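Q: structural data only, the sequence is not supplied:
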């Protein structure tokens, strides 16, 4: 076991994990942002990623259920409102559905989750189980990938708008508020982890939780790349180009 | 919802799922059995598959905890003995470790699970969670892939012995008893499912559980193919050829 890191060293160790393992480094993201994907491949990404989005408030509700003060719960509750909306403004999930329909998928098909890759489901469900089963500190720490998302979102939106004629600013409205939300969320989670990881083994658990979460994101892109880019071996019953289209017959 | 199938139709529907989705149809298995993999690729398979093997008694213990008669529990208990051994004869897990060391991996490294692909962990853990969370009928039904394994094992052993000079009959001893065990286990599970799925929706749940389990096996091979065959993009911190070798320094 290593020695206790001071707050700056600990934060640096967390950020180093992002520098090495955050999914912006994945070949699929490079293809996505660089304009090298077909519309069908972008559809596959939007469809599968919806399943991840749809489970975020579920995992946040599990964390909420484990926080023991109104102050902490109010802080964490904001994440759920951001994703589920307040009944007037659309939340993140509704905006992700709009992203799916914006690139040509049928709304009902996206929501059904029918055509997602089994590996997407396994990775996302692993995340939900993680926050239910591990320590609260680890559950909070698994959200720290948001430390790395604001920059990536800028790259993604600019790249997709520049390269894909079928993508409009309205399609990508999901990302408008995410940098500010992610900054606010991750500032809090980082502070929580720094304050509560008081032993070397706690710090190691936090670092491992962040590695785990990077794996969850990375594995989703591995599966997309494998099924829809190269070698393009789509598992049985997973979505195939042409299915689940807006106005299509497998809606 | 479809009509209730008679026992023969129901069994035929289950076997049809195997004919379409069992992992012997996966390109990775074809490469493995056909002698087209390198020793390192076989090591990757042995290493990752060990994690699956190691969780089988865990998932069977969860099912055991849900069975409500001594007769049923005795029947299911045999599966755990088969994998964990009786303290004198090595069980299936010990034999799988021998398969790993037989192809050159370090015993401690295999057991540690350190280098496995995140997608392996997510798929296997999804199976464990499935048997804990779904109905008992679905949990039992998820074992029905054993209906399809005896024939595949024959192909696998013959193919591997014929093609790989580094594979010996002792290395593959795991498979010696599996066809008989799998037949006995799956005969029981099939009878249980036929007897207990009395409504069309129960039958559909059983069929879906078997599809789910096929996905669990299939996704593991997708991940192996992606990381170690084509395009060969190994996720961060996953095993790389040369690591975890018998007598090696990352043992």
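A: Sure thing, it's come through. This is a predicted model, so every value here is computed, not measured. Numbers count the residues shown, from 1 in each chain, chains lettered A, B, ... in the order given.
Q: going forward, measure contacts and count neighbours with C-alpha atoms only.
A: Fine.
Q: contact residues of the stretch 51-200 of chain A facing chain B?
A: Where proximity means C-alpha under 8 Å from any C-alpha of the partner chain, the interface of the stretch 51-200 of chain A facing chain B comprises A:118-119, A:122-123, A:125-126.
Q: most surrounded residue in those residues?
A: residue A:119 (30 neighbours; other C-alpha atoms under 10 Å in any protein chain shown).
Q: please give the element, helix or strand, for that one.
A: helix A:118-133 (DSSP states H and E).
Q: now that helix: average pLDDT?
A: Looking at helix A:118-133 alone, the average pLDDT works out to 98.
Q: low-scoring stretches of chain A, by residue?
A: Chain A contains residues with pLDDT under 70 at A:1, A:248-251.
Q: ok, now with 50
A: A:249-251 (pLDDT under 50).
Q: quick one: buried residues of the longest helix belonging to it?
A: In chain A, assigned by DSSP state H, the helix with the most residues is helix A:200-228. Within helix A:200-228, the residues that qualify as buried by neighbour count (16 or more other C-alpha atoms under 10 Å in any protein chain shown) are A:202-228.
Q: what do you get for stretch A:133-153?
A: Neighbour-count burial for stretch A:133-153 [16+ other C-alpha under 10 Å]: A:136-150, A:152-153.
Q: show me the residues you listed that map onto helices.
A: In this view, the buried residues of stretch A:133-153 that belong to helices under DSSP H are A:136-141, A:149-150, A:152-153.
Q: if we can go back for a sec, what's the helix holding residue A:119 packed up against?
A: Counting contacts by 3 or more C-alpha pairs under 8 Å, 6 or more residues apart in numbering or on different chains; DSSP states H and E, helix A:118-133 packs against helix A:39-64, helix A:136-141, helix A:200-228, helix B:118-133, helix B:200-228.
Q: in JSON lines, list these along with distance to residue A:245.
A: JSON lines is the format used below for the helices and strands packed on helix A:118-133 (distance: least, C-alpha to C-alpha, whole Å):
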{"stretch": "helix A:39-64", "distance to residue A:245": "9"}
{"stretch": "helix A:136-141", "distance to residue A:245": "36"}
{"stretch": "helix A:200-228", "distance to residue A:245": "17"}
{"stretch": "helix B:118-133", "distance to residue A:245": "28"}
{"stretch": "helix B:200-228", "distance to residue A:245": "24"}
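Q: residue A:175: which of these is closest?
A: helix A:39-64 (12.3 Å; C-alpha to C-alpha).
Q: what packs against that closest one?
A: In this structure, helix A:39-64 packs against helix A:70-84, helix A:92-102, helix A:107-112, helix A:118-133, helix A:136-141, helix A:200-228, with contacts taken as 3+ C-alpha pairs under 8 Å, 6+ apart.
Q: before we move on, back to that, and the angle from the helix holding residue A:119 to helix B:118-133?
A: Relative orientation of helix A:118-133 versus helix B:118-133 (axes from the mean of the first three to the mean of the last three C-alpha atoms, to 10 degrees): 60 degrees.
Q: who touches helix A:118-133?
A: The set of residues external to helix A:118-133 that reach it, using C-alpha atoms under 8 Å, 6 or more residues apart in numbering or on different chains, is A:48-49, A:51-52, A:55, A:58-59, A:62-63, A:138-140, A:142, A:213, A:216-217, A:219-220, A:223, A:238, B:119, B:122-123, B:125-126, B:215-216, B:219.
Q: next, the contact list for residue A:41, please.
A: With contact taken as C-alpha under 8 Å, 6+ apart, residue A:41 is in contact with A:228-229.
Q: at 7 Å instead, please
A: For residue A:41, the contact set (C-alpha atoms under 7 Å, 6 or more residues apart in numbering or on different chains) comprises residue A:228.
Q: next one: residue A:76
A: Listed by C-alpha under 7 Å, 6+ apart, the contact partners of residue A:76 are residue A:64.
Q: what's the answer for residue A:60, then?
A: Shown here is residue A:60, whose contacts under the criterion C-alpha under 7 Å, 6+ apart are residue A:80.
Q: and if you look at residue A:232?
A: Each residue near residue A:232 by C-alpha under 7 Å, 6+ apart is listed here: residue A:226.
Q: checking it next. Helix, strand or coil?
A: The assignment at residue A:232 comes out as coil when based on DSSP: H, G, I helix; E, B strand; the rest coil.
Q: if we can go back for a sec, wait, which of the helices and strands packed on helix A:39-64 is closest to residue B:179?
A: When the helices and strands packed on helix A:39-64 are compared by C-alpha to C-alpha, helix A:118-133 sits nearest residue B:179, at 27.4 Å.
Q: ok and the closest one relative to helix B:200-228, angle-wise?
A: Using the same axes, to 10 degrees: helix A:118-133 against helix B:200-228 is 100 degrees.
Q: now helix A:118-133 against helix A:39-64, angle please.
A: Using the same axes, to 10 degrees, the direction of helix A:118-133 lies 10 degrees away from that of helix A:39-64.
Q: quick check: phi and psi at residue A:199.
A: phi -120, psi 160 (degrees, to the nearest 10).
Q: which one is it nearest to, not counting chain neighbours?
A: On the basis of C-alpha to C-alpha, 6 or more residues apart in numbering or on different chains, the spatially nearest residue to residue A:199 that is not a chain neighbour turns out to be residue A:4, at 6.2 Å.
Q: three-state assignment of the one you found?
A: State at residue A:4, reduced to three classes by three-state DSSP: coil.
Q: run a quick neighbour tally on it.
A: Residue A:4 is surrounded by 16 other residues when neighbours are defined as other C-alpha under 10 Å.
Q: please report how far it lies from residue B:89.
A: Distance of residue A:4 to residue B:89, computed by C-alpha to C-alpha, to the nearest Å: 46 Å.
Q: same check on residue A:111?
A: In this structure, residue A:111 and residue B:89 are separated by 51 Å, where distance is defined by C-alpha to C-alpha.
Q: just want to know which of those two has more residues nearby.
A: In this comparison of residue A:111 against residue B:89, neighbours counted by other C-alpha under 10 Å, the higher total goes to residue A:111 at 16 against 10.
Q: how about that one, what does it touch?
A: For residue A:111, no residue counts as a contact, taking C-alpha under 7 Å, 6+ apart as the criterion.
Q: do the same with residue A:33
A: Counting by C-alpha under 7 Å, 6+ apart, residue A:33 touches A:155-156, A:159-160.
Q: swap in residue A:57?
A: In this structure, residue A:57 makes contact with A:80, A:83, judged by C-alpha under 7 Å, 6+ apart.
Q: return the residues in contact with residue A:62.
A: For residue A:62, the contact set (C-alpha under 7 Å, 6+ apart) comprises A:131-132.
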